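S.K.: Here you go, sequence then predicted model.
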Amino acid sequence: MTPVLELKEITKQFPGVLANDHIDLKLEKGEILALLGENGAGKSTLMNILYGLYQPDGGTIFINGQQINVHSSIDAIKAGIGMVHQHFMLIPVFTVTDNVMLGEESLILGDILDRKTAAARIMEISKQFNLNVDPNAMVGDLPVGVQQRVEIIKLLYRDANILIFDEPTAVLTPQEADELFKIMRSLTDKGKSIIFITHKLREVLEYSDRIMVIRRGRVIGETTPDKADQEKLAEMMVGRAVNLNQEKSKAKKGEVVLQVQDLIVADSTKKITVHGISFTLHSGEILGIAGVQGNGQTELEEAVTGMREFESGEIQISGKSIRKIKPREFVEAGGAHVPEDRQRDGLILSFPVEDNLMLCTYYKPPFSKNGILDRREIRKNAENLISAFDVRTPSPLTDVGTLSGGNQQKVIVARELSRDNRLIVASQPTRGLDVGSIEYIHGQLLKKRDEGCGILLISSELDEIMELSDRILVMYKGEAIVTVDTEAVSKSEIGLYMAGISQQSVSGSETVAEKSSTGE
Amino acid sequence: MSALEKDSEQKKNEAKQAGDIFLQELSRKPSNDSSFFSKLWSAIQIPFLAIFSGLFLGALIIVFTSPDVYEAFSKGLAEGFKAVFSVVGNAYGALFAGAFGSPSKIIVALRTGEKIDRVFKPITQSLVETTPYLLSGLALALGFRAGVFNVGGEGQIYVGGAAAAFVGFAFSDLPKAIHLPLSVLAAVIAGGIWGFIPGWLKAKTGSHEVINTIMLNYIALRLIEFLLTGPMTKAGSGGMPISNSVQESAKIPLIFKKPLTLHWGFLFALLMAVLIWFFLFKTKWGFNLQMAGANKHAAKYAGLNIGIWTVLGMTISGALNGLCGANQVLGVTYTMGLGVSAGYGFDSIALALLANNNPLGCILSALLFGLLRTGSRNMMSNTGIPLDIVSIVQAFILMFIAAPAIIRTVYHLRAKKTQAPAAVNVSGWGGK
């Protein structure tokens, strides 16, 4: 049988690096092919070539055995290729129908939009593939998971047979992700073919039919889920053995480093998003804050680190109560902060790496003496941290904005963890990073914990929370819905808490209530 | 996994080679393959080519607006081309001679020792013109670095000039060592206040400084007009908007004897450029200012009070423009009039951009502006080509600076950014 899609010898050269080096790829009808690789391995480049956003330097593309030329995404759509981007291409103030019709309007009398026909067609597609989308809903009102399904409908509406998903689960809760994979399966059952790009090993093993690993622009190998395991895949991706499950000793809890009592915080629109949260963080432990994004974690993080004033309640750092803490006082009190939005808060992208590596302590010795910056010390500090934290940069003088996301994050982590700190607030410390960088940053956090730091880990990656935390606090709608010891809880239970199902609601299963120890 | 092993076995050697090259690319230091000159060239190539292209397009306009050229073409093609070259040659020759002086005359004068002052007049005049551009350019560059767009240069120059003039003529019997600094100080304070207001409004209310500085320009202009026709007017000027002349003790001394009008303000402005450069790049306060300008979120994260630094940036910027006003009143005109600023406050926006907001770069671009301005006067008087051609040339230069892609396309230059860092920035491709 001819494959629905075949790429032969695709090559793409970017200045300095070969992004795709003679890549061959075959996609059979009705299969889910996982394209696995680290950030920068070349998988996105390959898909962008397929989708017509880049022109390859060499190689050919066949659809159902016919060679085609893809000069733009219009050609790709014509050939039945569709892409669900990581960041949705939807207009929030339009309805589902309007969004789907955009660029593919059905018209009556020449110029008048025929919403009815379009809506009917959307309903039909929605039913056929169990997508469960209301064509008349406003996209902005829909949860992220449903928005993603609108993207899928857009492709099906245009009769796409080959669907490309670019990191589709990055924005979803575990439950939404499961839902998505069910949909993907129902799509392939009905004859569609899927390529899905990811660097999450678990998803690949659970949901794909075939796995292709790309590293540094080359196909490293192909395998199937039943023949591979996480360690093997990680090794193929990174090119060396990767320690996926960090050895974690038992936490040696010490004195209280952070005490939060009845904290109420409002967001920038003056809406209260943290409703009276209380918790205690000891030295030598990691407290994970789990929760679907947008449940008050960001405001909690900002309040604790002094980036945002809080309405009421109390925050004590090392026993000292601080009403109006400023970021600088937080740092002076031994705090380190890995911010959620690294490019907005954590770095000055137009500044060189070496300046970013002293961003919070530039004003005092050794970096500045009597107000004059000591460039030699700044350089020395940068060189030390670059080698200690394995930051890949051509030089300390390179603008940090030109580094890859993983290396930018390493710059922040290097800067924050290199100080002599007692309290670390790390928010989404590994978002968007590849396996190698994640392993490294996790290792650094655990090392700091064992040195006696108290670490507040805020993450929407449940795997990360489960792996690193000693205790887990689940936030839902601004409240701490539960605080439990990691050992006493399963991932699916945490998933339920994240969805807002509290202890009482699950109390049918008493085990949950028992397991969720008091924590404090 | 046998498929994998077979696959990797096959490509092992190739892969290793590619891997080695990749690693070399990764570890390559950009400084290794570029000498001092190639670095210098890569830094100045865009401004240089922009200036060249601006002059070229200016030449085209001169040609197309010259009646001589049309007349010559009607006689024949060869005549026509001859006329093209002679018109452009005359115009730019006059521009050059007006800006620098005539080289042959300079050599003769140096040999004979006669008329030395006259042959050096053009170049020193250019430097006199350079000074206000430099001071105002520094004001804008510092503002841009601090993240504020100070369009209020004109207003700040006006209030600075008026304050300097007032102190300059109102106090008599003061020694120069006190009177001159005092006049300058008055200008700095006045300009500073005129910068502080929009800065403070921005920090407190979030209102945009571009709007407020433009409005303050009008306020300053009308306020000064009122002062110059009323309280500060020159006795017997008959309502002309002009102030009394400043006292001798408040004048900035000349470096050479007349008719060379070059005054110490020029050297002072050079010194200011170095000081501002040092402040911005070598001190923690300059670092603060630039942080606040580059990313206010990260600056807050790093412990800054953004409001204070915004206000400070605007205030220093205003003070430098005030200095520019003082320089003109105390060093050139000796009296305050409405013509004190020949558009320096606006031209300096472009000037600062041309210099990439680097204070030392401002010296070069101010020099360019000063030379063009002085030269264009000579061009007009010698060839009848209007001064405005120079404005057009300046505008072209700025367009090319603002849109370097044009220059890169025309001259087939590779964009530098995608070259060197791309070796590391591998994940940038997918847009992730």
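M.R.: Now that the structure is in, tell me what you want to look at.
S.K.: pretty sure residue A:60 is in a helix, no?
M.R.: No: for residue A:60, which was evaluated using DSSP: H, G, I helix; E, B strand; the rest coil, the result is strand, with no helix membership.
S.K.: so who does it touch?
M.R.: When the contact criterion is C-beta atoms under 8 Å, 6 or more residues apart in numbering or on different chains, the partners of residue A:60 are A:7, A:8, A:9, A:10, A:67. Heads up, the C-betas are built off the backbone N, CA and C, glycines and all.
S.K.: How many residues are close by the spatially closest residue to residue B:213 that is not a sequence neighbour?
M.R.: The shortest distance from residue B:213 to any residue that is not its chain neighbour, by C-beta to C-beta, 6 or more residues apart in numbering or on different chains, is 2.9 Å, and that residue is residue B:152. One way to gauge burial is a neighbour count; for residue B:152, by other C-beta atoms under 10 Å in any protein chain shown, it gives 32.
S.K.: swap in the one 4 residues further on?
M.R.: The local packing count at residue B:156 equals 35, with neighbours defined by other C-beta under 10 Å.
S.K.: Enumerate every residue touching it.
M.R.: Counting by C-beta under 8 Å, 6+ apart, residue B:156 touches B:139, B:150, B:190-191, B:194-195, B:220, B:317-318, B:321-322, B:324-325, B:345.
S.K.: Can you verify it is assigned to a helix?
M.R.: Yes: counting by three-state DSSP, residue B:156 is found in a helix.
S.K.: quick one: it and chain A, what's the gap?
M.R.: Per C-beta to the nearest C-beta, to the nearest Å, residue B:156 is found 27 Å from chain A.
S.K.: what helix or strand does the closest residue to that residue other than its chain neighbours sit in?
M.R.: Taking C-beta to C-beta, 6+ apart, and ignoring the residues beside it in sequence, residue B:156 has residue B:321 as its nearest neighbour in space, at 3.5 Å. According to DSSP states H and E, residue B:321 maps onto helix B:306-328.
S.K.: What is that helix packed up against?
M.R.: For helix B:306-328, the contact count by 3 or more C-beta pairs under 8 Å, 6 or more residues apart in numbering or on different chains; DSSP states H and E identifies helix B:116-145, helix B:153-170, helix B:176-205, helix B:264-282, helix B:284-294, helix B:296-301 as packing neighbours.
S.K.: Any of the contacts of residue A:60 buried? List them.
M.R.: A:7, A:10 (16 or more other C-beta atoms under 10 Å in any protein chain shown).
S.K.: what about the spatially most central residue of chain B, helix or strand, and which?
M.R.: Against the mean C-alpha coordinate of chain B, by C-alpha atoms, centre = their mean, the closest residue is residue B:351 at 2.6 Å. Element membership of residue B:351, judged by DSSP H and E, is helix B:344-354.
S.K.: mean confidence score for that helix?
M.R.: When pLDDT is averaged over helix B:344-354, the result is 89.
S.K.: Next: stretch A:4-23.
M.R.: Taken as a whole, stretch A:4-23 carries a mean pLDDT of 85.
S.K.: Now do it: distance to the chain's middle.
M.R.: 26 Å (C-alpha atoms, centre = their mean, to the nearest Å).
S.K.: Next: stretch B:104-123.
M.R.: Computed by C-alpha atoms, centre = their mean, the chain-centroid distance of stretch B:104-123 equals 29 Å.
S.K.: Averaged pLDDT, that stretch. What do you get?
M.R.: Looking at stretch B:104-123 alone, the average pLDDT works out to 84.
S.K.: Could you work out the end-to-end span of that stretch for me?
M.R.: From the first residue to the last, stretch B:104-123 extends over 14 Å; the measure is C-alpha to C-alpha, to the nearest Å.
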